[in-house]
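Q: could you look at this predicted model? Sequence included:
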Number of protein chains: 2
Amino acid sequence: MTIAIIGAAGMLGRKLAARLVAARWDDHLLLLDVVAPSAPAGFAGTADCRAADLALPGTAEALVAARPGIIFHLAAIVSAEAEVDFDKGYRINLDGTRALFEAIRVAHLADGYCPRVVFTSSCAVFGAPLPDPVPQHFHLTPLTSYGTQKAICELLLADYARRGFFDGVGLRLPTICIRPGAPNRAASGFFSSILREPLIGREAILPVRDSLRHWHASPRAAVGFLLHAARLDTAPLGAQRNLTLPGLSATVADQIEALRRVAGDAAVALIRRAPDPAIDAIVSGWAAGFDASEALALGFAADASFDAIIAAHIEDELDGRIGPR
Amino acid sequence: MTIAIIGAAGMLGRKLAARLVAARWDDHLLLLDVVAPSAPAGFAGTADCRAADLALPGTAEALVAARPGIIFHLAAIVSAEAEVDFDKGYRINLDGTRALFEAIRVAHLADGYCPRVVFTSSCAVFGAPLPDPVPQHFHLTPLTSYGTQKAICELLLADYARRGFFDGVGLRLPTICIRPGAPNRAASGFFSSILREPLIGREAILPVRDSLRHWHASPRAAVGFLLHAARLDTAPLGAQRNLTLPGLSATVADQIEALRRVAGDAAVALIRRAPDPAIDAIVSGWAAGFDASEALALGFAADASFDAIIAAHIEDELDGRIGPR
C-alpha cells in the first residue's frame, strides 16, 4: 500500500515518516511538500518525493493518481503567517485542502477509491471566551484566519466522509511541546523554549506568569495520534469526524518543576523572566484544557507527564545527553 | 443609499423588498437573482433588477461596484437539491457566497468600503444528536451538505467581519411557517401545508405524529429579523457574528389547535393523517427548540403564537379571507 504524507518536509511530517518506517508500515511512501521532502534514513522501500504546491491545479490529482490507501494531510501555513497574508492563508489552508478532497471525490466517483484521510486541525478552531475545560461539544469560534480555515476544513472533511467519498478523521492537536529547532517568533514559542534551551545550556525568555495553564502534546504523542487515527475504527464516530485530542494540561510552573527534576536547578536558572503583556494577553485567550473524553475512549493517549515529555525530547533530539552543545 | 438583495426573486427576497419599500428604506434597490427579480409594486425609487449567477465570475464585482450600504444575501440552493447535486450546492451556496465576500474585501482594500452584510444561515448547521433545547454555544454538526455550506459561510462571515472587511451578521432562521405557495416535496413541507391548505378548503397530508415539536418563524417574523439585523449595533456581538434566532417552539398538535381556534373544526377535518416513517425519521432528527437568549437580548422577536402566525398568513396571503378559492 502507498501511504501519502502531505507536508512531509515539516517537523511532524518527517517524524511521522520515520515512525512509519520504524514500524514497517512502509511498502511505498509518497512524500509531498512545497520544498522537496526526503525519504527517512534507512528506508528500504520506495519513496516518491515531490516538491509541489497542493493548492496549484494538478498537484492533488497527481497525488491521488497513485491511489494512496492512507493520506496524512499535515500541510498548512501557520497561524501568524495566515493572519498577515490573508490570501496565502486561504489559498493554502482552505483551497489546497479542498483541492485534495475534490481530487479524491473525483477518483471515488470514477472507481470507488476511498482512502483513509487523516487531517491535522488545531485547537485554534476554538476562541475566547472559553470555559475551562472546554466542553466536548463547544461551538467553534476561531479568532484567527488560521483557525477559521481549519474549522472550514473540518466541516468539509465531515461532509465528504458522510457522503462516503473518503474515510476521514480530523485531529485537533494540542500545542506541540517540546518543539525542536531554533526559537521562533510564534506567541506560543516560549512553552517549548523554556525547556528546550536550558536543556542545552542556553538562556530562555519566559514572557508570561508562571500560573498560566496550557494544553500540550509532545511530538512523539502527536505522531502517535496520527498513526492511531490511520487505523482507527471510524464507525463509532458517526458523522462527527473531528476530534479534540487529549493533551497534558499544565501550568508554566509545572513545566519548570519538571525541568528541575530532570535537569536540576542550574537548568531552571537559565529561564529569565521578562513579562510581555502583549504575549500574555494573546496566550491568556487560549484554552487551559479540554474535555477530550471522546478521543480518550477511542484510544488516543496523552503524554503521562512533563517529565516524560522532557525525557522523550532528550532521547529523540539530544542523543540522550543534556548540557551545552 | 443603495440596498442590495441577493436572492430577490425568492419568497423572502420579494417580501423583504416589499417591506423595505413600505417602510421607506428605498432610495435605491439593487435586486439580484438567477431569474430576473422585479421591483416591488408601488415602488417610487429606482430599482436595478439583475438576472445573474452570483457564483459566476464578475457578478459579485458588478454588484459591489454599486457600493450598496446594506447587502442582504439570501440566495441559496435548498437543502434537498444541495444533497442531490453536490457540485451545484457547493458552487452556489459556498463559492457564490465567498465570491461576494471576496468582492467586498477587494473593494474595502481599494477605498475602505465596508457595508453591512446580512446573511441567512439555517438551523441545518446543527445536526442530531441534539439536546432540547439546543444550547447557545452548541457545536456545529451539519448532517447535510446544505448545512455544511451554511456553516462554512458563517465561519467566513465571522472572519471577514473580524478583519473589518465588512460588518456582517449571520442569521440562523427557524423553519419558515406558513410558507406560501403550492405544496412542495421538502420533508418539512407539511408544517406549512397542514395550515395553508385547510385555510383555503383543501385537504393536507400529515405524515408525522402530533407530538412532534419543531421551531418556527412566520415569513413576517423572518423579514423582521432581516430588517433588525440590517440596523443592529454589532459591537456587542464581538467576534461571534452568527445568531440563532428566536422561534416559536410548537408541536404539530399546537399548530392544529391554533388552526381550530382560527378556522374551526371544518378546517381541522381537512388534515388527513398518513404516517410516513421516512419523513418522521428525518424530522425527528431536527431540533425541537433552541436557546436563543442572545438574539432575544439583541431585540430579535419571535412570533407570539401560532394563532398570530395564522392570522398574519390570512392577512398577507389570503386578502383577509379564509375558505375555498
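A: Now that the structure is in, tell me what you want to look at.
Q: helix or strand with the lowest mean pLDDT in chain A?
A: Scoring the helices and strands of chain A by mean pLDDT, DSSP states H and E places helix A:277-284 at the bottom, with a mean of 87.
Q: can you show me the strands along chain A?
A: Using DSSP state E, the strands of chain A run over residues A:2-6, A:28-33, A:46-51, A:70-73, A:116-122, A:167-173, A:175-176, A:204-206, A:213-217, A:242-244, A:248-251, A:271-273.
Q: counting contacts, what elements does the shortest one pack onto?
A: Packing contacts for strand A:175-176, counted by 3 or more CB pairs under 8 Å, 6 or more residues apart in numbering or on different chains; DSSP states H and E, involve strand A:213-217. (Glycine included, C-beta is placed from N, CA and C.)
Q: may I see the buried residues of the strand it packs on?
A: A:His214, A:Trp215, A:His216, A:Ala217 (16 or more other CB atoms under 10 Å in any protein chain shown).
Q: ok, now stretch A:10-20?
A: Buried-residue list, stretch A:10-20, by 16+ other CB under 10 Å: A:Gly10, A:Leu12, A:Gly13, A:Arg14, A:Lys15, A:Leu16, A:Ala17, A:Ala18, A:Arg19, A:Leu20.
Q: next: stretch A:199-216.
A: Here stretch A:199-216 shows A:Leu199, A:Ile200, A:Ala204, A:Ile205, A:Leu206, A:Pro207, A:Val208, A:Leu212, A:His214, A:Trp215, A:His216 as buried, counting by 16+ other CB under 10 Å.
Q: up against chain B, what does chain A have?
A: Taking CB under 8 Å from any CB of the partner chain as the contact definition, chain A meets chain B at A:86, A:105, A:127, A:137-143, A:145, A:148, A:151-152, A:155-156, A:158-159, A:162-163, A:239-240.
Q: may I see the PyMOL selection of the buried members of these?
A: Here is the PyMOL command that selects only those of these that count as buried (16+ other CB under 10 Å):
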select buried, chain A and resi 86+105+127+137+138+139+140+141+142+143+145+148+151+152+155+156+158+159+162+240
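Q: the stretch 1-150 of chain A: helices as residue ranges?
A: A:11-22, A:59-65, A:79-84, A:86-89, A:97-111, A:145-162 (DSSP state H, counting those that start in this stretch).
Q: care to break chain A down by domain?
A: Domain assignment for chain A by automatic domain parsing gives A:2-174+A:217-244, A:189-215+A:247-289+A:303-317.
Q: could the ones you listed go into JSON lines alongside distance to B:Asn184?
A: Shown next, in JSON lines, are these (distance: least, CB to CB, whole Å):
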{"stretch": "domain A:2-174+A:217-244", "distance to B:Asn184": "24"}
{"stretch": "domain A:189-215+A:247-289+A:303-317", "distance to B:Asn184": "44"}
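Q: quick check: which of these has the most neighbours on average?
A: Among these, the stretch with the highest mean neighbour count (mean count of other CB atoms under 10 Å in any protein chain shown) is domain A:2-174+A:217-244, at a mean of 20.
Q: that one: end-to-end distance?
A: This stretch, domain A:2-174+A:217-244, spans 27 Å end to end (CA to CA, to the nearest Å).
Q: bridged to the closest residue to A:Pro68 other than its chain neighbours, which residues?
A: Leaving aside its sequence neighbours, A:Pro68 sits nearest to A:Ala4 (CB to CB, 6 or more residues apart in numbering or on different chains; 3.8 Å). Beta-bridge pairing of A:Ala4 under DSSP bridges involves A:Leu30, A:Ile71.
Q: so what's A:Ala4 up against?
A: A:Leu29, A:Leu30, A:Leu31, A:Leu32, A:Leu63, A:Ala66, A:Pro68, A:Ile70, A:Ile71, A:Phe72 (CB atoms under 8 Å, 6 or more residues apart in numbering or on different chains).
Q: then A:Thr148?
A: Counted by CB under 8 Å, 6+ apart, A:Thr148 has contacts A:Pro142, B:Leu155, B:Leu156, B:Ala158, B:Asp159.
Q: rerun that using 7 Å as the cut-off
A: Shown in contact with A:Thr148 (CB atoms under 7 Å, 6 or more residues apart in numbering or on different chains): A:Pro142, B:Leu155, B:Asp159.
Q: mean pLDDT and distance to B:Leu296 for the strands of chain A - can I get that in TSV?
A: Shown next, in TSV, are the strands of chain A (pLDDT from 0 to 100; distance: least, CB to CB, whole Å):
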stretch	mean pLDDT	distance to B:Leu296
strand A:2-6	97	45
strand A:28-33	96	50
strand A:46-51	96	54
strand A:70-73	98	41
strand A:116-122	97	33
strand A:167-173	98	32
strand A:175-176	94	37
strand A:204-206	96	45
strand A:213-217	96	34
strand A:242-244	97	30
strand A:248-251	96	35
strand A:271-273	98	47
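Q: appreciated, that's everything.
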